[in-house]
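>>> here you go, sequence then predicted model.
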Amino acid sequence: MTNGAEAILQTLIDNDVRVCFANPGTSEMHLVAALDSFPQMRAVLCLFEGVATGAADGYGRMAGSPAATLLHLGPGLANGMANLHNARRAGTALLNIVGDHAASHQDLDSPLQSDIRSAAGVVSTWVGRPAGVADLGPAVIEGLQAGGVATLIVPADVSWSDGAEPGGRVPRAQTPSESGPAGASERVREVLRSGEPVAFLLDGSVLTEAGLAAADRIAQVSGARVFCPTWPARWRRGAGVPRATPISYRAETVREQLDGIRHLVLVEARPPVTSFAYPGQEGRLVAPGVDVHELEGGVAALSALADELAPEVIARLAESRPAELPTGTLNADNWAYVVSALLPDEAILVDEAITSGLTVLPDAFAGAPAHDVLGLTGLAIGQGLPLAAGAAIACPDRPVVCLEADGSAMYTLSALWTHAREQLNITTVILNNRSYAILRAEMGRVGATAIGPSAASMMDLVGPDLDFVSLSQGMGVPATRATTAEELAAQFKTATSTPGPHLIEAVLTSDR
Ligand SMILES: Cc1ncc(C[n+]2csc(CCOP(=O)(O)OP(=O)(O)O)c2C)c(N)n1
Ligand SMILES: [Mg+2]
């Protein structure tokens, strides 16, 4: 006899979902028990739900297929919410399995009772809650078919009841290129032929070599500029890859970047806006008078357009331009050149560097060996260390380098324990500026200019100073501290050439 928990696992395995990032409780115990019957499922224990959800996002971005999470009722889901928000913004497919109380227990108002469906709705493209085993298999299939963040709420009695059946296989989904229009939109073609200044904003699956090459070919014949978001979900960059320029985080710089354009063509991208409202400032970054067009059909449509407008043109590839190794005391301007100069081939670069990366990363890594960058899509910090875990599990043969600001690191620091337990090839570089530096800058920008001692204490991460070397070692990740570029270089070389996880605390000279 198959119980509900077993039917869920069998359905996941039948659909090639092979990793489950888990932090279970009593209501999920049948799912945990069932794991021993399904060795094809790799269950990865995360010590906080925000680690599980961020890891599932990182896995999905790199594997291109979903992972599952296992979360404990409403509070467990809520703990995972910020990174589910980032996953939703990234467009990552994943399936949350959230336990619930059995039907007989629902009306008792026991301590963990909550409105799971409402909580799930905040971040999910699909929410299902099978009432009995008969609905279970089809519900798992629906969740996997939904794409995006899907949440399956499983009452404990559905998990433990016998008579369940696996749901079979998800019917093959149409890929975006199949579902988009056959050719590029007539209007975009006209715009590109008009000779008027155009910019492309690319995102999603277009930030691959194929998509970037198509955009570059069109750029060569039309003069179009090619941009991507500040923090894309996944962006192919470096030597041998056609270039795109990230839209700046700062509105005034974006206005310069887009200055003079007459048309903005979005390909799988949202129109650019400022991340926050600032008194007296426009949130839209596209100037009035600029026409915004959407090119549907992603890479296929863009490539078709390139073949038509630039048939003989070959995409320009970024040259290999190894950064020069800086020397002296580490600061926000030089550390990135150390990492770039020593970046291993085919690295996965997780970017939660915040202010320490904002202005330097695009330049520092433009000529580095080709790599994939995973960005902070939803601006909910605490993404980097979990994302790195998921990416490393999705791509065990690729080195993962996690660029992690000190404040953001602390949200989900327990991910380091998972890095160690799973012996993942992740080198984490903590950018320790001992502050929430970005908030200091934002204070002025929102018009709150007077920073007294109480306000300053909300942004200075001192008293006590965080000791990331001890914190890391306490979770089983070998760690060192670097205060100079030379130390960072030596430690980074060792870390990336030794299997398993490592952490380097890069102490950056204060910007205060
Ligand atoms: C979940 C969440 N909580 C709070 C914030 C607000 N916030 C944005 S950046 C930041 C501090 C970042 O500090 P750190 O990671 O050290 O980067 P730095 O600014 O120093 O470069 C905070 C608290 C947020 N974006 N997301
Ligand atoms: Mg900081």
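Yes, it's here. Ligands and ions are numbered 1, 2, ... in the order given.
>>> could you look up the SS state of residue 78?
Secondary structure, DSSP: H, G, I helix; E, B strand; the rest coil: residue 78 is helix.
>>> which residue ranges of the stretch 151-300 of the chain form strands?
198-202, 225-228, 235-237, 245-246, 263-267, 291-294 (DSSP state E, counting those that start in this stretch).
>>> quick check: residues of this structure near ligand 2?
By the rule C-beta under 5 Å from the ion, the part of the chain lying against ligand 2 is 405-407, 433, 435, 437. Yep, even glycine has a C-beta here, placed from its N, CA and C like the rest.
>>> can I get those residues in JSON lines with pLDDT and neighbour count?
Shown next, in JSON lines, are these (pLDDT from 0 to 100; neighbours: other C-beta atoms under 10 Å):
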{"residue": "405", "pLDDT": "98", "neighbour count": "26"}
{"residue": "406", "pLDDT": "98", "neighbour count": "24"}
{"residue": "407", "pLDDT": "98", "neighbour count": "24"}
{"residue": "433", "pLDDT": "97", "neighbour count": "24"}
{"residue": "435", "pLDDT": "96", "neighbour count": "21"}
{"residue": "437", "pLDDT": "94", "neighbour count": "25"}
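>>> from those residues, which is closest to residue 77?
For those, the closest approach to residue 77 (C-beta to C-beta) belongs to residue 407, at 24.4 Å.
>>> in a helix, that's where the closest one is, yeah?
Yes: according to three-state DSSP, residue 407 belongs to a helix.
>>> next up, the contacts around it.
354, 381, 435-436, 461 (C-beta atoms under 8 Å, 6 or more residues apart in numbering).
>>> restrict those to contacts with ligand 1.
354, 381, 435-436 (C-beta under 6 Å from any ligand atom).
>>> lowest mean pLDDT among the helices and strands of this structure, which one is it?
The weakest-scoring helix or strand in the chain, judged by mean pLDDT, DSSP states H and E, is helix 176-179 (a mean of 48).
>>> list the buried residues in stretch 460-476.
Buried residues in stretch 460-476, defined by neighbour count with 16 or more other C-beta atoms under 10 Å: 460-461, 466, 468-469, 471-473, 475.
>>> output that stretch as CSV, restricted to C-alpha atoms.
Written as CSV, here are the backbone C-alpha positions of stretch 460-476 (Å, rounded to 0.1, in the frame of the first residue of the first chain):
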residue,chain,number,x,y,z
ASP,A,460,26.7,50.3,12.3
LEU,A,461,27.5,46.6,12.8
VAL,A,462,29.9,47.2,15.7
GLY,A,463,29.9,46.6,19.4
PRO,A,464,30.4,43.7,19.2
ASP,A,465,32.2,43.3,15.9
LEU,A,466,31.2,40.1,14.1
ASP,A,467,33.9,37.5,13.9
PHE,A,468,33.0,35.6,10.7
VAL,A,469,36.1,33.3,11.0
SER,A,470,34.8,31.9,14.3
LEU,A,471,31.2,31.8,13.2
SER,A,472,32.2,29.9,10.1
GLN,A,473,34.5,27.5,11.8
GLY,A,474,31.8,26.8,14.4
MET,A,475,29.6,25.5,11.5
GLY,A,476,32.4,23.4,10.0
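>>> now what about it, what contacts it?
406-407, 409-410, 413-414, 416-417, 419-421, 428, 430, 432, 434-436, 478-481, 503, 505, 512.
>>> do that again at 7 Å, thanks
Identification of contacts with stretch 460-476 by C-beta atoms under 7 Å, 6 or more residues apart in numbering yields 406-407, 413, 416-417, 420, 430, 432, 434-436, 479-481, 503, 505.
>>> in the stretch 201-350 of the chain, which residue sits nearest ligand 1?
Proximity of the stretch 201-350 of the chain to ligand 1 (C-beta to the nearest ligand atom) peaks at residue 332, 8.1 Å away.
>>> which residue sits closest to that residue, ignoring its sequence neighbours?
Using C-beta to C-beta, 6 or more residues apart in numbering and skipping the chain neighbours, the partner closest in space to residue 332 is residue 356 (4.7 Å).
>>> that concludes my questions; thank you for your assistance.
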